[in-house]
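Colleague: Provided below are the primary sequence and the corresponding predicted coordinates.
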2 protein chains.
Amino acid sequence: MKYDSRLSGILHVLLHMADEDVPVTSEHLAKAMRTNPVVIRRIMAGLRQQGLVRSEKGHGGGWRIARDLSTVTVRDIYEAIGSPHIFAIGNRTEAPGCLVEQSVNAAMNDAFAEAEVLLLEQFGKVTLAALSADFHARMTQRANQCAFEDQTDVA
Amino acid sequence: MKYDSRLSGILHVLLHMADEDVPVTSEHLAKAMRTNPVVIRRIMAGLRQQGLVRSEKGHGGGWRIARDLSTVTVRDIYEAIGSPHIFAIGNRTEAPGCLVEQSVNAAMNDAFAEAEVLLLEQFGKVTLAALSADFHARMTQRANQCAFEDQTDVA
DNA sequence: TTTCATGTAACTTTATATGTTGCATGAGTT
DNA sequence: AACTCATGCAACATATAAAGTTACATGAAA
C-alpha cells in the first residue's frame, strides 16, 4: 500500500530543524530524510504560507521554524498542508444516483466522520514541543546514536 | 486522490445481490457497478473463502449470499477482505533508527490506533440487514428510480 | 562577481488500484 | 456428446498519484 507520508515527513523535518540554531538547508534535510532537496522545498513551501517556517536565500540560508514549538500542534501542521484525505478506504462515487450506493455511503460516512473527529482531536493535543521533548528523552536514554548530524549517515 | 473502494464496492454488490432470489452473474453485477466482471470475481473470491457468499457455475449460475444479512456487519466484510489499511496518511518507515522518527511515529500511532478502534466499532454496529432496510426505505420514498435491474442503464 | 541557497516549472519514475484478455474448468441444456 | 454459460485464474495493460529528478531563475552573502 502506498502512503501519503507528508504529515509524518513534515513533523520529522520540523523536529530536526528545531534542534538547530542556524537555518537548515534543504539539502541537509533531504539527506537526513533520504530524499531530494526539491521534495523538501515543496513540502516547506506550504508551511511557509501558513507562517510556520521561514526561508532564507543565499549564503547561510535555509529553513527556520517561525513559531514557538509549544504553540503548534500536529493538527495545525495537518491543516497547513491542506487537510489531505485521511482515509485510504473511501466511498465509491461512480453511481451517485443509485439508492443502494446512497445507503452504503451514508452509513460509511457517519463512521468515517466520527473517526476523523477523534483523530483530529488527538492531533490537536500533540504539540511540537511535546514531540521534541519525547525525542530528547529518547536521546538521553540511548545516548549512543542519532542527533541530527548523524542522520547523514544513519537515518 | 485515489481510494481503495473495495469495501464500499463490496457492500454495494452484496446489497444488490440480497435483493435477488436467484444467483446473480458477475456480468450483471459488473454492469450495475460500471466495472468489469473479472473485478467482481476478484472481489467475491475473498468473500467466498470466508463463507459470506457462494458461487455456482454454469447455466443459471452466479453469486448468492450465504448468510443471513442480520448476522453480517460491515466490520465482518472489512475483515473478510483482509483488513486493508484504513489510513491514507501513514508513518514514514524509511529511517526507523532515527529517534526523531520514533517519537513522531509513537505519537501518530497512538492517534491512529484510537481512531481505528472507533471506526471498527462503528463498522461493527452496522449490519447488512440495516443497510438493506435503509435502502428499501429510500426506495419507497422515491419510488421512481433505481432497483437493481435499472442499474444496467442508470447506475 | 562568484558562490550558495531557495523558487518553481516541467519531466521522469514508481507504485498500485483498476481494467482487460485469454483460456481452463465445471454445470446445465439441447 | 456437443453446446452454451458461468466462474476461476493467470497474465498483461492502463490510469493515476506520490515521489523523485532536472534545469534554470532569483536573491543574498562572501
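Modeller: Received it, and whenever you're ready, just let me know what you need.
Colleague: phi first, then psi, for the residue in chain A that DNA strand D sits nearest to.
Modeller: Here chain A gets closest to DNA strand D at one residue, residue A:58, 2.8 Å apart by Cβ to the nearest atom of the strand. Where you see a C-beta, it was placed from the backbone N, CA and C, and this is true even at glycine. Residue A:58 adopts backbone torsions of phi 70, psi -170, taken as degrees, to the nearest 10.
Colleague: quick check, residue A:55 in a strand?
Modeller: Yes: Residue A:55 forms part of a strand when assessed by DSSP: H, G, I helix; E, B strand; the rest coil.
Colleague: and it, bridged to which residues?
Modeller: When bridges are called by DSSP bridges, residue A:55 pairs up with residue A:63.
Colleague: against residue A:67, how distant is it?
Modeller: Per Cβ to Cβ, to the nearest Å, residue A:55 is found 14 Å from residue A:67.
Colleague: what's the answer for residue A:125, then?
Modeller: 18 Å.
Colleague: surely residue A:56 touches residue A:44?
Modeller: No: contact criterion Cβ atoms under 8 Å: residue A:56 and residue A:44 do not qualify, at 12.0 Å.
Colleague: okay, the two: which has more neighbours?
Modeller: residue A:44 (21 against 13; other Cβ atoms under 10 Å in any protein chain shown).
Colleague: what helix or strand is that one on?
Modeller: helix A:37-49 (DSSP states H and E).
Colleague: so is that helix next to chain B?
Modeller: No: Helix A:37-49 lies out of reach of chain B by Cβ under 8 Å from any Cβ of the partner chain, never closer than 12.1 Å.
Colleague: got the CA positions of that helix in CSV?
Modeller: The C-alpha trace of helix A:37-49 is given here as CSV (Å, rounded to 0.1, in the frame of the first residue of the first chain):
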residue,chain,number,x,y,z
PRO,A,37,16.0,18.7,-1.7
VAL,A,38,13.2,19.7,-4.1
VAL,A,39,10.8,17.5,-2.3
ILE,A,40,11.7,19.2,0.9
ARG,A,41,11.2,22.6,-0.6
ARG,A,42,7.9,21.5,-2.0
ILE,A,43,6.8,20.4,1.5
MET,A,44,8.0,23.5,3.2
ALA,A,45,6.6,25.9,0.7
GLY,A,46,3.1,25.2,2.0
LEU,A,47,4.2,25.6,5.6
ARG,A,48,5.8,29.0,4.8
GLN,A,49,2.5,30.3,3.5
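Colleague: list the buried residues for that helix?
Modeller: Going by neighbour count (16 or more other Cβ atoms under 10 Å in any protein chain shown), the buried part of helix A:37-49 is A:40, A:43-44, A:46-47.
Colleague: neighbouring contacts of that helix?
Modeller: A:6, A:9-10, A:13, A:25-27, A:29-30, A:33, A:53-55, A:63, A:77, A:80-82 (Cβ atoms under 8 Å, 6 or more residues apart in numbering or on different chains).
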